[in-house]
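Engineer: Got a sequence here, can you build the structure:
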Amino acid sequence: MARLLSIVLFFLVCYPSYGQLVKRFSFTHYGVSAGLASNEVTSAYQDETGFIWIGTNNGLQRFDGTRYKTFRTKKDDSTSIPNNVIIQILVDKKNNLWLYTADQKVGVFDTKNFIYHEMKVKVRDPALLNHGKRLICDEDGNLILLFVDASFVTWNENKQEFSADYNFIPVPDDWMVVDIIQQPGTKKYWIGTYTGTGVYDLATKQLNYTGHNPQKNQFIEKLGSIPLARGFLMDSKGRLWFFTWFIGMPLIYAYDLKKNELVLEKYNLGDLIRSYYEIGGFLEQKNGTVWVRGLGVFGRYLEKEKEFQLVYNGYENEQSISYTRVDNLFEDREENIWVCTNTNGVYQFNPSSQFFTNVRQINRLNNRPGDGSVMSFIQTRQGTLLVGTWNDGFYEFDKNYNMIPLGIRGIEGNPFAWCLSLSQDSNTIWMGAQPGIYAINQTTRTAVYHNPAVLQNRTVRQIVEDKYGNLWIGTQSLGVFKWSAAKGRKKFDDGISQFKGVPANLVTKITIDKNGYIWVGTSSAGVFVIDPSIDKVMLHFGMEEPPERKLAWNGTAGALQYDDTTMVIAANGIYLYNTRLQRISGYIKVPETIPGLIQAMEKDRNGYLWISTTNGLLRLNPRNKIFIQFD
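Structural biologist: Got it, this is the predicted structure:
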């Protein structure tokens, strides 16, 4: 899926079982069918040349984005990897690729010559060699081999061995260490243990922990006695993230070391997951976004809301993600996140370019997730979103896109809102319904319904208010009607009459340009441009017009103002009409490889045109005529 700019489209989709939205991203999946050695992937990393190294339970692989090169253990070959089950991959500050394998061995894999070198681990107690391990590399390039829930040893480059003799972090012998991390930009090391957290300051040679805190470390004073603090992450905002267990439940903490205050305390994901889960660790992206992973856990931290938002877990299509446990996360140079799962291989996505937030309406009549497509939406003065859907009716969402009760008096039943547009005074929202018209007063939160007989009970597809306060109304099959404010002020029905300049047709879109002209798109009669001051059609675009206004197709999705001198017309292709020269100055054909007919279009703040079709969504850069398709 292509990289996107940060605009938001809403395919209104949510799940009542969750207390917040579940985010959907578009993933690229790498599994055994594509060449991955196993669907059980434990770790992955990117080396200095850009290759992705993937550790599986069936060997080590190098991936260049297209092809895999696989390395497995070979009998009687000491230069091959010692075991096919790769538990951890780590690239140190010197770009050495370290491996920790299931046979408890630790070594370096030469990524140029494809040779493995086992490294010596020297311990006083041989039982430690069979302990679970984790490699840790600090900011200065020091390598620590942690025997989880026990102790640790440090790498000595000259001696080519790990040993406690080289430990520069002195801790009591009875400490059962579960995690170690260096605080960036300092010489302080944080040590999580069975009984609490300690902080060793290498610069002052002082160790601080509960009951012995010579430097008056405020974290130690407040949280130092929390047992089993692990999964340490020091983020770019100066916060320490970790998790612990309490009564069988993992709890998340985040502590701001600069402000010396808690950001999260005893935060649990139980309300979101509602089943057994485990936390495995955290990742911070280059842009500062924090992610959490684990058994049944994959989500990102929302800074403003101070809560985590889960990534939807479940197969829906080829771009979805499904996993039991996320064992590892890492971010590559292009800010893609690679997700290593224990059952479904590797997934890769770019969260900064995945802007689709799916929000689903809950049908208020049957209390089930709605399946009606969205036809219209508009933001109110209160910051909420009014949404019209086919079949499911009319809904309101708060600023976080949570569905809220529709608190507008005068809207009875569940009308279908085909269009929503704002009045000139920005108070009234005009709603074209099936049938009739609603005038919604935002100040009083009330609505008045009109269904003039002249509309013959037909669906109102489009409605806009011109600069004179008059309404232009597009119908399903009767063409265009005009409502005159002067004639209909006392009695609405008295102000409406059919506009004869546009033939009876399905009106697809009505737009007002910067000069106040009314542009009417139709399903089979082209585009009409009306001067509302004299109620006259000034221009027509269609198949029978001269070259300066000729379209190859009379079925149009409408027009929009692109810049001061350009109107864009969608008619089975994109036409650029120069209003100063009064001629079509360009035509952009949709490639034949992209099927579907254009249904609607909008322009974003960066000048891209977003085009919906009967087969998906397109983004067009009119400057270079490049289309990007989103399936």
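
Engineer: Nearest residue to residue 382 in space, please, no chain neighbours.
Structural biologist: residue 442 (7.5 Å; Cβ to Cβ, 6 or more residues apart in numbering). Where C-beta positions appear, they are placed from N, C-alpha and C, glycine not excepted.

Engineer: pretty sure the one you found is in contact with residue 428, am I right?
Structural biologist: Yes - with contact defined as Cβ atoms under 8 Å, residue 442 counts as touching residue 428 (7.3 Å).

Engineer: Please enumerate the helices of this protein.
Structural biologist: Assigned by DSSP state H, the helices in the chain fall at 218-223, 270-273, 485-488.

Engineer: hey, which of these is tucked in deepest?
Structural biologist: Here the criterion is mean neighbour count by mean count of other Cβ atoms under 10 Å, and of the helices of the chain the winner is helix 218-223, at a mean of 16.

Engineer: what about that one, average pLDDT?
Structural biologist: Helix 218-223 shows a mean pLDDT of 96 in the predicted model.

Engineer: In terms of secondary structure, what does it contact?
Structural biologist: strand 197-201, strand 249-256 (3 or more Cβ pairs under 8 Å, 6 or more residues apart in numbering; DSSP states H and E).

Engineer: Now that we have those strands, can you turn them into CSV and tack on mean pLDDT and mean neighbour count?
Structural biologist: Formatted as CSV, these follow (pLDDT from 0 to 100; neighbours: other Cβ atoms under 10 Å):
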stretch, mean pLDDT, mean neighbour count
strand 197-201, 97, 22
strand 249-256, 96, 19
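
Engineer: ok so, going back, which one of the helices of the chain lies nearest to residue 629?
Structural biologist: The closest of those to residue 629 is helix 270-273. By Cβ to Cβ, the value is 32.9 Å.

Engineer: where in this protein is pLDDT low?
Structural biologist: For the chain, applying pLDDT under 70 flags the ranges 1-21, 353-357, 631.

Engineer: Am I right that residue 578 is in contact with residue 585?
Structural biologist: Yes - using Cβ under 8 Å, residue 578 is in contact with residue 585, at 4.3 Å.

Engineer: what is in contact with these two at once?
Structural biologist: Taking Cβ atoms under 8 Å, 6 or more residues apart in numbering as the contact rule, residue 578 and residue 585 both touch residue 566.

Engineer: Mind checking the helices of the chain for the one nearest to residue 607?
Structural biologist: Counting by Cβ to Cβ, residue 607 lies closest to helix 485-488 out of these; the figure is 35.1 Å.

Engineer: any chance of the helices and strands packed on helix 218-223 in CSV, plus distance to residue 163?
Structural biologist: Formatted as CSV, those follow (distance: least, Cβ to Cβ, whole Å):
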stretch, distance to residue 163
strand 197-201, 19
strand 249-256, 33
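
Engineer: Of all those, which one comes closest to residue 389?
Structural biologist: Within the helices and strands packed on helix 218-223, the stretch nearest residue 389 is strand 249-256; the backing value is 36.5 Å (Cβ to Cβ).

Engineer: got a list of contacts for that closest one?
Structural biologist: With contact meaning Cβ under 8 Å, 6+ apart, strand 249-256 is reached by 219, 222-223, 226, 229, 237-245, 261-270, 277-279, 292, 294, 308.

Engineer: List only buried entries from the residues you listed.
Structural biologist: Neighbour counting with 16 or more other Cβ atoms under 10 Å marks 219, 223, 226, 229, 239-244, 263-264, 267-269, 277, 279, 292, 294, 308 as buried within those.

Engineer: hmm, back to that, switch the helices of the chain over to JSON lines; also include distance to residue 410.
Structural biologist: What follows is the helices of the chain, written out as JSON lines (distance: least, Cβ to Cβ, whole Å):
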{"stretch": "helix 218-223", "distance to residue 410": "54"}
{"stretch": "helix 270-273", "distance to residue 410": "36"}
{"stretch": "helix 485-488", "distance to residue 410": "18"}
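
Engineer: For residue 388, find the nearest of the ones you listed.
Structural biologist: Between the helices of the chain, helix 485-488 lies closest to residue 388; by Cβ to Cβ that is 23.7 Å.

Engineer: Check the gap between residue 488 and residue 433 for me.
Structural biologist: 18 Å (Cβ to Cβ, to the nearest Å).

Engineer: And the closest residue in space to residue 553 that isn't next to it in sequence, how far from residue 317?
Structural biologist: Distances taken as Cβ to Cβ, 6+ apart place residue 572 nearest to residue 553, at 3.9 Å, with adjacent residues excluded. Taking Cβ to Cβ as the measure, residue 572 falls 27 Å from residue 317.
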